[in-house]
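Student: The following block contains a protein sequence and its predicted model.
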Amino acid sequence: MTAKMIRWAAAAIGLGIALSTSFAAAEETATEFPLLKPTRQEWSFAGFFGQYDQAQLQRGYHIYKEVCSSCHSMKLVKFRNLADEGGPGFTEEQVKALAAEFTIMDGPNDEGEMFERPRLPSDPFPSPYPNDKAASFSNGGAIPPDLSLIAKARAVHRGFPQFVFDMFWPYQEQGPDYIASLLTGYQDPPPEGVEVPEGTYYNPHFMNGISLRMPPPIDDDLLEYTDGTPQTKEQYAKDVAAFLMWAAEPHLDARKALGLKVMLYLIVFAGILYFAKRQVWRGVPH
Ligand code: HEC
């Protein structure tokens, strides 16, 4: 080995040590969000055979309409979707009535004027603000995100080895677990010594920092449930999270039912192929 090679090797080892210590130092100082992982909930739509619970989706719509829709839009959902198969299961008549509770600007009419009319099932859910500037102005500089796809847009990493197990018993409820934890995770007052920025609310379940600009939207007994379901903050959070999951993945029921049939078909077909192969090659020396 020449002296030059030894010098190179020493330099490479030195660089390696320097890099790994600096990465370790960075890891120690950087705080990872969320401070608390989402609590895993029981969902009717989890697992291989899971399906939505219609009554829960209906309650979830109720909460979205009464609470969340005053700040959040859901532009991708039309009222008629509420009657779609695999959804909350409202009847067409109910959907007409639900849509007509809101108005929309339409036109121009024959005289060239814009006019307001009640919404129809073919209209989307209303947006609370005319534009992002108004939304941000009313919420201290933060724009409440559109909730149409939020249940698919938020997922907290589960880490090793959990994510390996998740592949075998499919875990796709990161979104609703996160939303339910976020809605119930506010802590007031915040823990001692924690400085919370002005106008934000401490929530260790928030993915993007220690606090967010959404005030705690739900509390116990906020809304009346007519079917005897407990009127707790936790139940409201679960119901609205399930509703948002349906909005983001409206065909989950059909997908799971078809997936099961396809797997059964493939298993039977694999068996037939195996016996056909044995039959065809019977007696052929190989
Ligand atoms: C008073 C207005 C207001 C109400 C009511 C409200 N939100 Fe929010 N929401 C906000 C704002 C503002 C943000 C953005 C917060 C931020 O980024 O600091 C937000 C953010 C969110 C987020 C995204 C959090 C993230 O990880 O980025 C979710 C999910 C959410 N809201 C769900 C809901 C649900 C569900 C309801 C109804 C139960 C609701 N919100 C009611 C104002 C509101």
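Tutor: Nice, thanks for sending it over.
Student: Could you report the neighbour count for the nearest residue to His205 once chain neighbours are set aside?
Tutor: Excluding its sequence neighbours, the residue lying closest to His205 (C-beta to C-beta, 6 or more residues apart in numbering) is Gly185, at 3.5 Å. Every residue, glycine included, has its C-beta placed from N, CA and C. Neighbouring residues of Gly185 were enumerated by other C-beta atoms under 10 Å; the total is 20.
Student: So which residues on the stretch 101-250 of the chain come close to the ligand?
Tutor: Taking C-beta under 6 Å from any ligand atom as the contact definition, the stretch 101-250 of the chain meets the ligand at 139, 142, 144-145, 150, 154, 179, 182-183, 207-208, 212-215, 217-218, 240.
Student: In strands, which of those fall?
Tutor: Using DSSP state E, Leu212 are the members of those that sit in strands.
Student: So how do I select the buried members of the residues of the stretch 101-250 of the chain next to the ligand in PyMOL?
Tutor: Selecting in PyMOL just the buried members of those, where the criterion is 16 or more other C-beta atoms under 10 Å, is done with this command:
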select buried, resi 139+144+150+154+179+182+183+212+214+217+218+240
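Student: What about the residues of the stretch 101-250 of the chain next to the ligand, which are in helices?
Tutor: The helices, defined by DSSP state H, take in Ile150, Ile179, Leu182, Leu183, Val240 from these.
Student: Would you mind listing the two of those residues that lie farthest apart?
Tutor: Across these, no pair lies farther apart than Ile150 and Leu183, at 11.8 Å, counting by C-beta to C-beta.
Student: Let me see the contact set for Tyr186.
Tutor: By C-beta atoms under 8 Å, 6 or more residues apart in numbering, Tyr186 lies in contact with Tyr201, Tyr202, Asn203, Pro216.
Student: Just send these back as a markdown table, with secondary structure and neighbour count too.
Tutor: Formatted as a markdown table, the contacts of Tyr186 follow (DSSP: H, G, I helix; E, B strand; the rest coil; neighbours: other C-beta atoms under 10 Å):
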| residue | secondary structure | neighbour count |
| --- | --- | --- |
| Tyr201 | strand | 18 |
| Tyr202 | strand | 21 |
| Asn203 | coil | 26 |
| Pro216 | coil | 15 |
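Student: Double-check Glu234 against Ser181; I have them as touching.
Tutor: No. The criterion here is C-beta atoms under 8 Å, and Glu234 misses it with Ser181 at 10.1 Å.
Student: Which one's more surrounded, these two?
Tutor: More crowded of Glu234 and Ser181, by other C-beta under 10 Å: Ser181, with 23 against 15.
Student: And the pLDDT for the more buried one?
Tutor: Residue-level confidence at Ser181 comes out at 98, pLDDT.
Student: In the biggest helix by length in the chain, which of the residues would be classed as buried?
Tutor: In the chain, taking DSSP H as the definition, the longest helix is helix 252-280. Of the residues in helix 252-280, those buried under the neighbour-count criterion (16+ other C-beta under 10 Å) are Leu252, Asp253, Lys256.
Student: Ok, stretch 214-230 next?
Tutor: Met214, Pro217, Ile218, Tyr225.
Student: residues contacting the residue nearest to the last one when sequence neighbours are not counted?
Tutor: By that I understand Tyr225. In space, and not counting its chain neighbours, Tyr225 is closest to Gln231: 5.5 Å by C-beta to C-beta, 6+ apart. Gln231 makes contacts with Asp220, Asp221, Leu222, Leu223, Glu224, Tyr225, as judged by C-beta under 8 Å, 6+ apart.
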